[in-house]
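*Asks:* I would like to see how this sequence folds:
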Amino acid sequence: MSLGWIEGLLGMGLEEITMRFLLIPILIMSLVLPAIAQEPQPTFHLTSVHKARDNEKSYHTAFSQLYIEGTVGNKKYTLEELDAFGAYHFEVGQDYPVAKISNDTVKLQLPPKKGRPKTTTLNLITVEEIPTKN
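*Replies:* Predicted structure coming up:
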């Protein structure tokens, strides 16, 4: 068994050893980070907000419910939010980064408040595929 690499390390100075061991992680990061950074974060483009009528409500409550419609890619989403004190007031035409989409909720990132990131979770009512034009 050859231990030439140990003899090679012993023949080098401390600066050369340090540079070699630092160079490997730097090379790995330079290859991995661009691949991670190229993946765009999906955004929810808000197209409309309207107050749900009593027959539209998904459950009966004293609070008003808001229906929020928008698109993510080629899908149209209808989301629901209680219009209660402290609820975020969405602006039509804005794009909101999507943090997570599950079977029954959509989590959106909101503009930072007091320098801290903020998210809100909305109930998912419907998802429709937007037909592509040929």
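*Asks:* Give the ranges of residues in the protein that sit below the confidence cut-off.
*Replies:* Filtered on pLDDT under 70, the chain yields the residue ranges 1-21, 32-39, 54-62, 84-86, 134.
*Asks:* For it, just list every one of the helices.
*Replies:* 4-11, 14-37 (DSSP state H).
*Asks:* Which strand residues bridge residue 105?
*Replies:* residue 123 (DSSP bridges).
*Asks:* So what's the residue count around residue 67?
*Replies:* Residues lying near residue 67 (other CB atoms under 10 Å) number 19. For glycine as for every other residue, the C-beta is placed from the backbone atoms N, C-alpha and C.
*Asks:* The chain should start at 472 in everything you say after this.
*Replies:* From this message on, residue numbering opens at 472, which makes the last subject residue 538.
*Asks:* show me the contacts for it.
*Replies:* Residue 538 makes contact with 519-523, 527, 549-551, 596, according to CB atoms under 8 Å, 6 or more residues apart in numbering.
*Asks:* Run a quick neighbour tally on residue 581.
*Replies:* 14.
*Asks:* where's the closest residue to it other than its chain neighbours relative to residue 574, distance?
*Replies:* Residue nearest to residue 581 in three dimensions, not counting chain neighbours: residue 589, with 4.5 Å by CB to CB, 6 or more residues apart in numbering. In this view, residue 589 and residue 574 are 23 Å apart by CB to CB, to the nearest Å.
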